[in-house]
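**Student:** need a structure here:
(chains A and B)
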Amino acid sequence: MLIYLVRRILYAIPIALSVGLVCFLLVHIAPGDPINAIVPADAPQDLVEQIRRDYGLDRPLPIQFGVWLGKVATGDLGNSLATGRPVWADLSVAVVNTLRLALTAALIGFVLGCIFGGLAGSFQGTAIDKIAVSLAVTGVSVPHYWLGMVLVILFSVNLNWLPAMGAGPGGSSDWVWDWEHISHLVLPAVTLSVIPMGIVTRTVRGIVAEILNQDFIQTLRGKGLSRSGIFWHVVKNAAPNAIAVIGLQLGYLMGGSILVETVFSWPGTGFLLNSAIFQRDLPVLQGTILVLAMFFVALNLVVDLVQTALDPRIKRA
Amino acid sequence: MTMTRSTLLAASLAALIAAAPGAALAQGTIRIGMTAADIPLTHGQPDQGFEGNRFTGIPLYNALVEWDLTRGDRATPLRPGLATEWAVDAADKTKWVFRLRQGVKFHDGSDFNADAVVWNVRKVLDREAPHFDPRQVGVTATRMPTLRRAEKIDDYTVALYTSEPDSLLPINLTNLFFASPRHWDAKRAGAASPEAAWNAFAADPSGTGPFRMVRFVPRERAEYVRFDGYWGEKAKAERIVLLPIPEANARTAALLSGQVDWIEAPAPDALPQLRSRNMRIEQNAQPHVWPWQPCFAEGSPLADRRVRQAINLGIDREGLKTLLGGLMVPAVGSVPPGHPWWGNPSFQIKHDPEAAKRLLAEAGYGPQRPLTIKVQISASGSGQMQPLPMNEFVQQNLKEIGVNVEFDVIEWNALFTNWRRGCKDASARGAHAINVSFAAMDPFFAMVRFWDSKMAPPTSNNWGFFSDPKFDEMVAAARNAFEPEARDAALAKLHAAGVDEALFIWIAHDVSPRAMSQRVRGFVQPQSWFVDLTLPYIQ
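**Tutor:** Predicted structure coming up:
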């Protein structure tokens, strides 16, 4: 197990290098110029070149990448081209905000997905099944930025029940888990939860239906085990796969919430990436994507370990 | 005096309201939803274009010369700021002498004086200065291209030197804000590098402006309180909260749900809803131009004045205004008629398709030989208004006079980069015009950088490589006219000549729309990119 763990951690190194390189190349392949993060377009060319030299953006690309890599190896993600602030200072705050949002959305999606999927799998072919499947299809089909706007119009603009944007009455820096702050979290988290809810519903439905058709369930029924007892066996057998799915979804939520965070002005990694992309703020882009990729790798590892713990039949070696 | 029961009740209620937490806040806090995705830099030279100057420059800092933003019924004039008077040296036209305002304090309590001026000029122009900050150079040096150095004459007199005689310097200096040297020194003492010191300064800045910053959360909010030691008219609002909300629908929702009191640039299609919810829409002509900038290079059909004039006459600007819900002013020059730099052009830009067809025929274009031009545009971008529907509307107009327009739609950052490279560069991909909007507050940015042959790429934004010695002479004459009236007259002559030659396809001026709650009082929308935040308050 220890060897497996070490091997998985070592796998993260080439992944980090590849992610950093791909991101670096994409920014340079894309039209536009990172220097625009620092100088306006009306800047005279000699000034532009001077500033390009100041920031090392005149060096050959392999050297630029090597310099960045060397800094990353010492734990320094560099400074934002646009603001001059250390990337890590902004990124650490954004990661915490996104984690708060993604975990809440994943929890909502997981709980609702398990309930709907469990019901649909248990009552296949019935109206309950059809309703649950419809909800799942709607969840994965509806554009979540559109849903976010609709929820804002309904609950913020018309009913005035929940705030339309932001991460708390005074921002995210003084976050506490009281209603004033949680109320800011509700709409973005619900918006973000619909896709994992749909996916978990469909997954759990399939697993539950398959388990219920297996011989050991017939045996348990034949032995006269109560419904709750059978339910417990179904849960134990379905859990590893359901957890694997939600683990992956959490990874997607961490990196894939650009639209929802922009709609709700939620100061997470998606919001950070959005402005970094438009400004070609290379250090922020590279740092953020690297951290998100590492988070994804770590999450997969955790999911694998949890699966192993829940299902001894799965061997990791 | 006998107090009735109802009077007593009212008095008690009033006392309760006054004592309630947040009551004072509600009296004087204006919460503003900005279009920026981050708080513009707060160290004294803001980024994020003029929204930065508007919200983190002018409220926190002062310049030597400032815009008078207190009225909306005239072209915004200059007024003394930290300098009370200035004049060019009679013997050396590259030397300007500025007399400084006395008794001005920075937010940290230190004095503003000639040393502070020299220190602030060195922060962006002297690479040997210990506090030199390359990050501030880009957003400063571009706006005052001829400024070279500052020299102290006495405690309240400084000399500023330019690379060549330049009568435009006082206008350019509205962009140079003055940070506190003493406060920076204090930050430097606890910082590992000058860059780190500037970061610390940005988180806790000290200027001389009417507000001082008391809270800064990057990408989330900045909070200002009124600076009671301000040298000028004190701000009416007690507190300003700035919130970055880049998405237009999110800003609208934030206003309608009461999370903010004022939003910048509401989406045009949200205006009926905002009005129906009793929100106020403020707008005024802005020194902003939304044009097509022609390519004058050999082979470009727009090198022919008649073609440029025809296209100018083929555009139905009033129809475009209707499309935008009234949120534009038809552009018939880089500045509007009545402006001191308008001049008296003989070519009158209006919607006249028949005259346009005649001019095209004179230039050799017609049904047998239709004209096709390619325009490089973006789908979005700062100051670009609604580029796709606006460009498509113009395309439709021009089809009616026999001009086929093809668009090369590229991303905003890429368009911006191409703008500096010129129409002969491969990045133009054969475009005959480019659609980049610009600010026209300052003659250099409104005219000189486009019409002076020395400003051709890679030097500046003469994207179309326009070159005409007559225009170079007019630019030089304007730069050498040091009396304000003479300078304006020279600029008016330059502008009129530019309109006569149809050096742009002028289409629209933005009106800088903003929506605000009825609780915001005292607000004045000047004809400017900026606003005076000392005027509004919450009732």
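
**Student:** chain center to the helix or strand encompassing A:Gly287, what's the gap?
**Tutor:** Using DSSP states H and E, A:Gly287 sits in helix A:282-310. The chain centroid and the centroid of helix A:282-310 are separated by 10 Å under C-alpha atoms, centre = their mean, to the nearest Å.

**Student:** Enumerate the residues of the stretch 301-450 of chain B near chain A.
**Tutor:** With the criterion set to C-beta under 8 Å from any C-beta of the partner chain, the stretch 301-450 of chain B comes near chain A through B:410-414, B:416-417, B:419-420, B:427, B:436, B:438, B:445, B:449. Quick note: C-beta positions are derived from backbone N, CA and C, even for glycine.

**Student:** which secondary structure elements does the helix holding A:Gly287 contact?
**Tutor:** Under the contact definition 3 or more C-beta pairs under 8 Å, 6 or more residues apart in numbering or on different chains; DSSP states H and E, helix A:282-310 sits against helix A:2-29, helix A:61-73, helix A:87-122, helix A:227-255, helix A:269-279.

**Student:** just checking, what packs against the first one?
**Tutor:** What it means is helix A:2-29. Applying 3+ C-beta pairs under 8 Å, 6+ apart, we find helix A:2-29 packed against helix A:61-73, helix A:282-310.

**Student:** any idea of the mean pLDDT for it?
**Tutor:** What helix A:2-29 shows for mean pLDDT is 81.

**Student:** The third one too?
**Tutor:** For helix A:87-122, mean pLDDT rounds to 92.

**Student:** What of stretch A:246-260?
**Tutor:** When pLDDT is averaged over stretch A:246-260, the result is 80.

**Student:** Quick one: name the residues of the stretch 51-200 of chain A near chain B.
**Tutor:** Residues of the stretch 51-200 of chain A lying near chain B by C-beta under 8 Å from any C-beta: A:51, A:54-55, A:79, A:82-86, A:89-90, A:93-94, A:149, A:152-153, A:156-157, A:160, A:163-167, A:170-173.

**Student:** Counting neighbours, which of those residues end up buried?
**Tutor:** Neighbour counting with 16 or more other C-beta atoms under 10 Å in any protein chain shown marks A:51, A:55, A:79, A:82-86, A:90, A:93-94, A:149, A:152-153, A:156-157, A:163-167, A:170-173 as buried within those.

**Student:** among these, which are in helices?
**Tutor:** Within these, residues falling in helices by DSSP state H are A:51, A:90, A:93-94, A:149.

**Student:** Take these and write them to a markdown table, including distance to B:Glu483.
**Tutor:** As requested, those are arranged in a markdown table below (distance: C-beta to C-beta, whole Å):
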| residue | distance to B:Glu483 |
| --- | --- |
| A:Ile51 | 36 |
| A:Asp90 | 49 |
| A:Val93 | 53 |
| A:Ala94 | 53 |
| A:Met149 | 55 |
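
**Student:** can you name the two of those residues that are farthest apart?
**Tutor:** Largest separation among these by C-beta to C-beta: A:Ile51 and A:Met149, giving 39.1 Å.

**Student:** Next, count neighbours for B:Glu400.
**Tutor:** By other C-beta atoms under 10 Å in any protein chain shown, 12 other residues sit near B:Glu400.

**Student:** How about it: what's its closest non-neighbour residue?
**Tutor:** Nearest residue to B:Glu400 in three dimensions, chain neighbours excluded: B:Pro353, at 5.9 Å (C-beta to C-beta, 6 or more residues apart in numbering or on different chains).

**Student:** Next, the contact list for that neighbour, please.
**Tutor:** Going by C-beta atoms under 8 Å, 6 or more residues apart in numbering or on different chains, B:Pro353 touches B:313-314, B:400-401.

**Student:** for B:Asp154, same thing?
**Tutor:** Shown in contact with B:Asp154 (C-beta under 8 Å, 6+ apart): B:Ala114.

**Student:** Next one: it relative to A:Pro31, how far apart?
**Tutor:** Here the criterion is C-beta to C-beta, to the nearest Å. By it, B:Asp154 lies 52 Å from A:Pro31.

**Student:** swap in B:Arg308?
**Tutor:** 28 Å.

**Student:** between these two, who's got more neighbours?
**Tutor:** Higher neighbour count among B:Arg308 and A:Pro31: B:Arg308, with 24 against 13, using other C-beta under 10 Å.

**Student:** Enumerate every residue touching the more buried one.
**Tutor:** Counted by C-beta under 8 Å, 6+ apart, B:Arg308 has contacts B:294, B:302, B:501-503, B:505.

**Student:** Now with 7 Å, please.
**Tutor:** For B:Arg308, the contact set (C-beta atoms under 7 Å, 6 or more residues apart in numbering or on different chains) comprises B:294, B:302, B:502, B:505.

**Student:** likewise B:Asn249?
**Tutor:** By C-beta under 7 Å, 6+ apart, the residues touching B:Asn249 are A:149, B:267.

**Student:** got a pLDDT number for it?
**Tutor:** pLDDT for B:Asn249: 88.

**Student:** so how far is the host helix or strand of it from its chain's centroid?
**Tutor:** In this structure, B:Asn249 is located in helix B:248-256 according to DSSP H and E. Relative to its chain's centre, helix B:248-256 lies at 23 Å (C-alpha atoms, centre = their mean).
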